[in-house]
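In: kindly return the folded structure for what I paste below:
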Amino acid sequence: MTNAILTDFLKSLALLGVFLLLGVFIRAKVKIFQKTFIPAGIIGGFLLLILGPQCFDLLPVPKEWFNIYSLLPGVFIVPVVAAVPLGLSIGAKGKNKEADFLKNIFPLMGIGLVVSLFQFAIGYGTHVLFSNENLYDVFGIELAIGFVGGHGTAGTLGNILSGLNLPYWQTSQGVATTTATFGIVGGILIGIALINWAARHGQTAMLTKPADIPEPIRIGFQKDISKQNSIGRETTLSSSIDTVAFHAALIFVACGVAYLILSITKKFQIPVLSSISVWAYAMIVMFGIWWTMNKLNLQYLVDDKVKSKISGSFTEYAVIAAIASLPIKAVASYIVPILVMVIIGYIVTTGALFFFCKRYLKGYWFEQMIATLGMSTGVFLTGVLLLRICDPNLESPVLANYSLSYTITGIIYFATLNMFILMPLTSGAGFTAMVALGIGIIILLLSIISSHIFLGKEFKGN
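Out: Residues are numbered from 1 along each chain as shown. Here you go, the predicted model:
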């Protein structure tokens, strides 16, 4: 029986693999997907959704596979989040000019957090606006989950709500997947429009005219082998253990310990601790593992690129699984409030980033803003994509600043996520929106103060 279950699971993953590859092929051939930079996982996921039982039901595969797909994001997000602290390095080394530029990290990190908190406030504010529509308790959380978190983080939401035995967990996960799709497509289109405007008006440090996007970025792969990037260092030798397997082992250990801790807290019904999600414990455990490795001077065994490729692989499958299992009928019933909060989210996210980055960052303000816009409506790589359009050869120090800011912002974001998911269950959407807005304003004030401390009181843009 066990062998049959595992074989069936492997077959279901094979189907996801087929549609991931179809997504790669379609992205490489269809211009509209190249222009909008829609990832292969999203293309393949929607194609599988259309052909699956939720739409035309044309695939001769068991419907139970799609039940598996709805659960995969909540499972795969655990190793993704657990991997975040592994290889974390804080502190700048290099030229004085770049070290000075890294002072932008504090205000940029604050601005990124402010935007995510404003998204929480907008989402729950929309809930209040449509309170007569009989929305489920946490409707509105999906804006920040989808925009800042991205498709993979939709699984976090499903994981938490499913763990609380809430019947609408799959619907909420589907709404988060929908907002994530709106976020990544709209964010890229808005970003490209802003880049072209900035290039024409002299606001970019590297571009003097609207950008020509290189073909490899558009189609999604590099044909010239000599120009293909390495995925990382081989920190261990295969005579002992494969490097990827070693990094995966560290991630799986953190996940296993996290599940053990959660089971103990639930067994003894420890207040507060038993309600913390497993992915949060996984992140804490990984901090402990990475701290121990640093104390033992074993940090050379970890390569951030290798780690990122492992977590990125889990994310790809989480994304396509979440989209393929999207409960279309349930999500469609909320389409009006979804569209309202997404449109307001576009306006506030773009406006806040443009205004605050221009006013409170020094040096490459537009490049930092556009990268953070990509992160705030999609994922880290969306920000890198928009940055590379502004700075094709990554000659500026923006990427280092953005990467570190993203890492710290991501850790804080995940640390507070549980609170904003649980709060409306006990205190209501209106109160949660006010809390998010209040915390956002406080962090904004701290960002302004840090800007004045680190960058000086008098500066203009660049």
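In: now the helices for the stretch 151-300 of the chain?
Out: With DSSP state H, counting those that start in this stretch as the criterion, the stretch 151-300 of the chain has helices at 154-163, 169-200, 215-219, 243-267, 278-295.
In: tell me which of these is the most buried.
Out: helix 154-163 (a mean of 25; mean count of other CB atoms under 10 Å). For every residue, glycine as well, the C-beta is placed using N, CA and C.
In: what angle separates that one from helix 278-295?
Out: 120 degrees (axes from the mean of the first three to the mean of the last three CA atoms, to 10 degrees).
In: just the residues contacting helix 154-163, thanks.
Out: The contact list for helix 154-163 (CB atoms under 8 Å, 6 or more residues apart in numbering) reads 70-78, 81, 138, 141-142, 145-146, 149, 168-170, 172-173, 176-177, 180, 277-279, 318, 322, 414, 417-418, 421.
In: got the angle for that helix vs helix 169-200?
Out: 160 degrees.
In: buried ones from the contacts of helix 154-163, can you make that a PyMOL selection?
Out: Typed into PyMOL, the line below selects the buried ones among those, using 16 or more other CB atoms under 10 Å:
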select buried, resi 70+71+72+73+74+75+76+77+78+81+138+141+142+145+146+149+168+169+170+172+173+176+177+180+277+278+279+318+322+414+417+418+421
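In: now the element after the helix or strand bottoming out on mean pLDDT in the chain, going C-ward?
Out: The helix or strand of the chain with the lowest confidence, counting by mean pLDDT, DSSP states H and E, is helix 96-101 at a mean of 50. Downstream of helix 96-101, the next assigned helix or strand under DSSP states H and E is helix 105-129.
In: tell me the angle that next one makes with helix 169-200.
Out: Interaxial angle, helix 105-129 versus helix 169-200 (the same axes, to 10 degrees): 130 degrees.
In: what comes up buried for helix 105-129?
Out: So, applying 16+ other CB under 10 Å, buried residues of helix 105-129: 105-128.
In: list the helices and strands that helix packs on?
Out: helix 141-144, helix 335-360, helix 365-377, helix 398-427, helix 429-455 (3 or more CB pairs under 8 Å, 6 or more residues apart in numbering; DSSP states H and E).
In: got a pLDDT number for K93?
Out: If you check K93, the pLDDT there is 47.
In: ugh, wrong one, I meant G220
Out: 88.
In: count the neighbours of it for me.
Out: Using other CB atoms under 10 Å, the number of residues around G220 comes to 17.
In: quick one: contacts for the nearest residue to it once chain neighbours are set aside?
Out: Excluding the flanking residues, the one nearest G220 by CB to CB, 6 or more residues apart in numbering is R27, at 5.0 Å. Contacts for R27 (CB under 8 Å, 6+ apart) come out as F33, Q34, I38, P39, A40, I43, I219, G220.
In: number of residues surrounding the nearest residue to S12 once chain neighbours are set aside?
Out: Closest residue to S12 apart from its sequence neighbours, by CB to CB, 6+ apart: W65 at 4.2 Å. If you count neighbours by other CB under 10 Å, W65 ends up with 21.
In: for W65, phi and psi?
Out: W65 adopts backbone torsions of phi -60, psi -40, taken as degrees, to the nearest 10.
In: surely it meets L16?
Out: No. When contacts are counted by CB atoms under 8 Å, W65 is not listed as touching L16 (9.1 Å).
In: the helix or strand F46 falls within to helix 169-200, inter-axis angle?
Out: In the assignment (DSSP H and E), F46 maps to helix 40-51. Our comparison of helix 40-51 with helix 169-200, counting by the same axes, to 10 degrees, yields an angle of 130 degrees.
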